[in-house]
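Student: Just need the structure, nothing else, for what follows:
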Amino acid sequence: MSTEDVEVAPSEASDGARGGRTSAAGSALEKSLRILEAVAAPGGPHRLAEVTAAAAVPKSSTFRILASLIDQGFVRQEADSRYGVGPRLRGLSALVSGGEPASIGRVLDELRQAVGGQTVHLALHSGETITYIRKLEGEQPYRTASRVGMRMPLHTTAIGKSILAHLPVEEVRELIAATGLPPRTPKSVTTARALHAELAAARARGFALDDEENEPTIRCIGAAILGADGRPVGGVSVTTVTFLVSREEIESYAPALRAATEALAPLL
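Tutor: This is a model prediction of the structure:
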């Protein structure tokens, strides 16, 4: 019998248990929801012990559920082993509330206008992927298939490559070893040598390109949003179609794109 099968008397429950619930109470879904509530509570990111106490879930179960939530992008594990809100949960919050703070929307809209009404994306970094948390449709006669909440690979997207360009080389090597470089189109980068060359170029010029590497006929330029510690927390991209916008033209969007990422950094 596992420790999860043992009912704990109320007097033995963790001090953080709410409403007198026992630490083993609740289904797997209920435990997951309580853990999400604990992670999202004010004062975060939170340590494992804090999440365990607030959720009233055994430590071993909390750790296992957190690992799954991290993998799904709902929770983010910080460098100091604390747990914070992940990009998918932020994206869900944006859908429910109708959007992020007005200042974020204003920055993105100003970028859209500066690049001729092209589609603009805001995404956050989540482990081996990025997750779109905001999309401003372009004023052009076409629509892209992306949507808020969608998770995309790092190595085939402009935002993803801009994030990889700001990560330590060893960390990039570990990501490649863990995920491989599966192609999404015939133009996708599929070798470590080619990817590292692209990342070096992205670092030098301050932006990354996706030239039909993630979706045929779609060309994007992306730049990373850096946190106070210099690590990338996400990125912004401008999305166009190859038959209307040349590579030279999309590269001319770089100054406006970098200005947007600098303005967004303190807001995220």
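Student: which residues touch the residue lying closest to Gly44 once chain neighbours are set aside?
Tutor: Distances taken as Cβ to Cβ, 6 or more residues apart in numbering place Gly84 nearest to Gly44, at 5.1 Å, with adjacent residues excluded. C-beta coordinates here come from the backbone N, C-alpha and C atoms, glycine included. Contact analysis of Gly84 by Cβ atoms under 8 Å, 6 or more residues apart in numbering lists 39, 44-46, 75-78.
Student: Gly84 falls within a helix, correct?
Tutor: No - according to DSSP: H, G, I helix; E, B strand; the rest coil, Gly84 belongs to no helix; its state is strand.
Student: Pull up the gap between it and Cys220, please.
Tutor: Between Gly84 and Cys220 the computed distance is 27 Å (Cβ to Cβ, to the nearest Å).
Student: Check the secondary structure at Asp210 for me.
Tutor: For Asp210, the assignment made with three-state DSSP gives strand.
Student: Could you give the bridge partners of it?
Tutor: Cys220 (DSSP bridges).
Student: Spit out the contact partners of it.
Tutor: 156-158, 161, 218-222, 237.
Student: ranges for the helices of the stretch 151-268 of the chain?
Tutor: 158-164, 169-179, 192-205, 247-251, 254-264 (DSSP state H, counting those that start in this stretch).
Student: Those: which one's closest to Gly105?
Tutor: helix 254-264 (10.7 Å; Cβ to Cβ).
Student: can you list contacts of that closest one?
Tutor: 104, 107-108, 110-111, 114-115, 122, 205-207, 221-226, 235-238.
Student: Recalculate using a threshold of 7 Å.
Tutor: With Cβ atoms under 7 Å, 6 or more residues apart in numbering as the test, helix 254-264 has contacts from 104, 107-108, 111, 114-115, 206-207, 221, 223-225, 235-236, 238.
Student: what inclination does it have with respect to helix 192-205?
Tutor: 80 degrees (axes from the mean of the first three to the mean of the last three Cα atoms, to 10 degrees).
Student: What is the burial count for the closest residue to Val85 other than its chain neighbours?
Tutor: Excluding its sequence neighbours, the residue lying closest to Val85 (Cβ to Cβ, 6+ apart) is Ala40, at 5.4 Å. Counted with other Cβ atoms under 10 Å, the neighbours of Ala40 add up to 18.
Student: ok, now Leu209?
Tutor: 21.
Student: residues contacting it?
Tutor: 158, 221.
Student: If the residue nearest to Gly44 is in a bridge, with which residues?
Tutor: Residues in beta-bridge contact with Gly84 (DSSP bridges): Arg76.
Student: can you tell me the distance between the two ends of stretch 143-151?
Tutor: Across stretch 143-151, the terminal residues are separated by 18 Å (Cα to Cα, to the nearest Å).
Student: before we move on, what about stretch 75-86?
Tutor: 4 Å.
Student: got the domain boundaries for the chain?
Tutor: 3-85, 97-267 (automatic domain parsing).
Student: and among these, the most buried is which?
Tutor: domain 97-267 (a mean of 18; mean count of other Cβ atoms under 10 Å).
Student: Could you look up the SS state of Ile104?
Tutor: helix.
Student: Distance of Glu249 relative to Phe207?
Tutor: On the measure of Cβ to Cβ, Glu249 and Phe207 end up 14 Å apart.
Student: so where's the stretch 51-200 of the chain shaky on pLDDT?
Tutor: Within the stretch 51-200 of the chain, the segments meeting pLDDT under 70 span 79, 91-92, 94-102.
Student: Tell me which stretches of it form strands.
Tutor: In the stretch 51-200 of the chain, the strands defined using DSSP state E, counting those that start in this stretch lie at 75-77, 83-85, 119-126, 129-136, 151-153.
Student: Next, the angle strand 129-136 makes with the third one.
Tutor: The directions of strand 119-126 and strand 129-136 differ by 150 degrees, with the same axes, to 10 degrees as the criterion.
Student: Now that we have the strands of the stretch 51-200 of the chain, can you turn them into CSV and tack on distance to Ser93?
Tutor: Below are these laid out as CSV (distance: least, Cβ to Cβ, whole Å):
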stretch, distance to Ser93
strand 75-77, 13
strand 83-85, 8
strand 119-126, 12
strand 129-136, 9
strand 151-153, 16
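Student: Alright, I will stop here.
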